[in-house]
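S.K.: Got a predicted structure plus its sequence, pasted below:
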Amino acid sequence: MYGTYGGSVRKPIGTTGKTGEKCPESGIWKVDDRWETTTAPISKGDTFPPYKGKAVIWILIQYA
């Protein structure tokens, strides 16, 4: 089982989300591109943003 926070189960590190979707877990998210190192703090319920004007996949790398 994954860690809990406030009685609910956290999404695992490595969870992904696409631009335009709602973020399932507050934390530090990284653009899924081997040439990019961009990270952003994104809160649960916020919409994943585009990066450089394009839709991207975000990967959870650290809990908030």
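M.R.: Alright, I've got the coordinates.
S.K.: Which residue ranges of the chain form helices?
M.R.: Assigned by DSSP state H, the chain shows no helices.
S.K.: so where's it shaky on pLDDT?
M.R.: 1-7 (pLDDT under 70).
S.K.: rerun at 80
M.R.: Where the chain drops to pLDDT under 80, the residues are 1-8.
S.K.: Kindly list the longest strand within this structure.
M.R.: strand 57-63 (DSSP state E).
S.K.: Parallel or antiparallel, list what pairs with it.
M.R.: Note on strand 57-63: by DSSP bridges, its sheet partners are strand 16-18 (antiparallel), strand 27-31 (antiparallel).
S.K.: What is the burial count for the closest residue in space to Pro41 that isn't next to it in sequence?
M.R.: Distance criterion Cβ to Cβ, 6 or more residues apart in numbering; nearest residue to Pro41, sequence neighbours excluded, is Ile28 at 5.8 Å. In short, each C-beta sits where N, CA and C put it, glycine included. Neighbour count of Ile28, defined by other Cβ atoms under 10 Å: 15.
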